[in-house]
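**Student:** turn this into a structure:
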Amino acid sequence: MNNLLSSYYSVSNYLSSIILLAGMLSLLGLIGWLIAGASGIAMFLAAGALVLLSAPRVTPQFILRLHQARKLQPGDAPKLYEVIVWLAERAGLKKIPVLYYFPSDAINAFTTGLYNSTSIAISDGMLHKLDSRELTGVLAHEISHIRNHDLLVMLMADVMSRLTSVMAFTGYMLILIYIPMYVMTGTAVSWLLLIVLMMAPTVSIIMQMTLSRLHEFSADTTAAKLTGDALGLASALEKIDYYQGGWVERMFIPSRRRYQPALLRTHPLMSDRIRRLR
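**Tutor:** Numbers count the residues shown, from 1 in each chain. So this is what the prediction gives:
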């Protein structure tokens, strides 16, 4: 039953991701077609491909420096490296991700890089507040992002979303030009183009955030398969959720945290992730 449910979540997330990426690409193509017909579609697709091909050359070291992260050698954290090597082998990765440590009390971890040059950074708070079982679950989640090529997929989504925003800015400029012409001379205005350009950035960002939430769910599912211990990751998520609110919330309003609307979140609610894992 658990394997069947896990397979259902995996297939559902995979198909939903394809639909969302296709939707973002179609939205970008629609803008190109409304502006310049078939040549507009080709132009925007070429621009997106150019940006996508150049983006992976940006070093992830910049992100790591922002967090003041330092590289952990195997001798610095032998047990962590044992876990990361074991997980990477089970995931079928060609290269072991490099581990980094960054000074933060928050329980946090993130993955950066593409292809065979990836890094996983873990916070001081995570090392001190999670036990070995929970830490293994979190590392498995990050390894799953690499195995599932989530970083590349989200890069593609980000490129399409940014190009859509650039086109929206063009739409605002067109409004300033066309509306006075329409008022004074009755020149035909492509109201469909203006409406699409104004709405496209919001729609694209919503699809991008939905895609991000799906990949978090997918990474949870893959992590549970890698470790064979879904409850270990669930326990880690419960602890992360507990500490996120701060001591005032934990003492006085433990059950009244206010969350952003689901459409505006890049990550699912912890309660939803924990429910799926359990």
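
**Student:** tell me the helices and strands packed up against the host helix or strand of residue 272.
**Tutor:** Using DSSP states H and E, residue 272 maps to helix 270-277. Using 3 or more C-beta pairs under 8 Å, 6 or more residues apart in numbering; DSSP states H and E, the elements in contact with helix 270-277 are helix 191-227, helix 230-244. Every residue, glycine included, has its C-beta placed from N, CA and C.

**Student:** weakest of the ones you listed by average pLDDT?
**Tutor:** Among these, helix 191-227 carries the lowest mean pLDDT, at a mean of 86.

**Student:** okay, the angle between the helix or strand where residue 152 lies and helix 191-227?
**Tutor:** Secondary structure assignment for residue 152, by DSSP H and E: helix 150-185. With axes from the mean of the first three to the mean of the last three C-alpha atoms, to 10 degrees applied, the angle from helix 150-185 to helix 191-227 works out at 170 degrees.

**Student:** and helix 150-185, which residues are buried?
**Tutor:** 150-151, 153-161, 163-164, 167-168, 171, 174, 178 (16 or more other C-beta atoms under 10 Å).

**Student:** show me what that helix is packed up against.
**Tutor:** helix 2-54, strand 109-114, helix 191-227.

**Student:** adding distance to residue 93 and mean neighbour count, write these out as a markdown table.
**Tutor:** Formatted as a markdown table, the helices and strands packed on helix 150-185 follow (distance: least, C-beta to C-beta, whole Å; neighbours: other C-beta atoms under 10 Å):
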| stretch | distance to residue 93 | mean neighbour count |
| --- | --- | --- |
| helix 2-54 | 18 | 15 |
| strand 109-114 | 12 | 19 |
| helix 191-227 | 11 | 20 |
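
**Student:** closest to residue 133 out of the ones you listed?
**Tutor:** With C-beta to C-beta as the criterion, residue 133 lies closest to helix 191-227 of the helices and strands packed on helix 150-185, at 8.8 Å.

**Student:** tell me how far the nearest residue to residue 30 once chain neighbours are set aside lies from residue 132.
**Tutor:** Spatial nearest neighbour of residue 30, chain neighbours left out: residue 196 (6.4 Å); criterion: C-beta to C-beta, 6 or more residues apart in numbering. From residue 196 over to residue 132 the distance is 52 Å, taken as C-beta to C-beta, to the nearest Å.

**Student:** run through the protein and note the low-pLDDT ranges.
**Tutor:** The chain contains residues with pLDDT under 70 at 1-10, 13, 48, 51-59, 171-172, 174-175, 178-179, 181-183, 185-191, 245-264.
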